[in-house]
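**Student:** sequence and predicted structure are below.
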Amino acid sequence: MTMIITFQLSHLPSAKDTNASAFFTNRLRSLSTYNDPVPKEVTTKLFVTLSINILPCPTNSCRDGPYNGGYRIATSINNVSFVESKSMDILRAYYNHIDGIFTTNFPDKPTSTTNYTGDMTILEAVTAHGTRVKVLEYDSVVEVVFQGTNLLFGVDHPMHLHGMSFYVVGSGFGNFDEMRDPKSYNLVDPPLVNTIAVPRNGWTVIRFRASNPVWLMHCHLERHVTWGMQMVFIINEDL
């Protein structure tokens, strides 16, 4: 007697199905009995845009670059494409009070407000670059709104924070509305993670307590990291 065994394969969503990914992620929860409650009182708020950009090339260095040459692809957080120091790491410079390695002028929000998820011009895609950090006070409660943009093309960005875990308290599509969207935050049992996807042309909000000295935050897509989608938090310990 021959036995025939059949298997029914799952119908997985497309790799580009942002809605399915966001739906799954938004169902994640932490244990409500966890002994580290979600911080309710925020002391520092940051609104950061995540973008695909272009940077002018040095003369004759990228004739085959995009947009009629003269430019190279870059990425940015708040329109700053991160430049890694080649002479010394930021942690060593911070502890030894060495100037000239980084600046502390990373912006708390974009320099101008626009329709981040609408059609944008090529000129808007030109970004600044530098080794800029954000200084936080020790034990401060930080809320970061990640806003995806449609500059050049919108994509998902898995944002990762080294050194500290964070709560994911909210997420949605379109432009973040600071009057409406905080009303939907989950402050009861949000997931506690160190990486979270910011949906294509959408937003994600995280909260964490600043408790570690110097740590990198970046997109976990390797191309986006090398193109500049990263920044550094310095936790001020009055050293």
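**Tutor:** Everything's here; your move.

**Student:** contacts, neighbours, all on C-alpha from now
**Tutor:** Fine.

**Student:** all strands of the chain, in order?
**Tutor:** Using DSSP state E, the strands assigned to the chain run over residues 44-56, 71-77, 80-82, 128-130, 133-137, 141-148, 157-161, 166-173, 192-193, 195-198, 202-209, 214-219, 230-236.

**Student:** quick one, the last one and strand 71-77 angle?
**Tutor:** Orientation of strand 230-236 against strand 71-77 (axes from the mean of the first three to the mean of the last three Cα atoms, to 10 degrees) gives an angle of 30 degrees.

**Student:** quick one: strands adjacent to strand 230-236?
**Tutor:** Strand 230-236 has the following strand partners under DSSP bridges: strand 133-137 (parallel), strand 214-219 (antiparallel).

**Student:** on that earlier part again, would you turn the strands of the chain into CSV with mean neighbour count?
**Tutor:** CSV is the format used below for the strands of the chain (neighbours: other Cα atoms under 10 Å):
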stretch, mean neighbour count
strand 44-56, 21
strand 71-77, 25
strand 80-82, 27
strand 128-130, 17
strand 133-137, 19
strand 141-148, 23
strand 157-161, 20
strand 166-173, 23
strand 192-193, 18
strand 195-198, 22
strand 202-209, 23
strand 214-219, 21
strand 230-236, 22
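
**Student:** format the ones you listed as TSV; extra columns: distance to Thr6 and mean pLDDT.
**Tutor:** Output for the strands of the chain, formatted as TSV (distance: least, Cα to Cα, whole Å; pLDDT from 0 to 100):
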stretch	distance to Thr6	mean pLDDT
strand 44-56	46	92
strand 71-77	47	88
strand 80-82	52	94
strand 128-130	57	88
strand 133-137	57	95
strand 141-148	43	96
strand 157-161	37	96
strand 166-173	40	95
strand 192-193	38	92
strand 195-198	36	94
strand 202-209	41	96
strand 214-219	41	92
strand 230-236	48	93
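
**Student:** the strands paired with strand 230-236: which one's closest to Ser21?
**Tutor:** Nearest to Ser21 among the strands paired with strand 230-236 is strand 214-219 (16.7 Å), distances taken as Cα to Cα.
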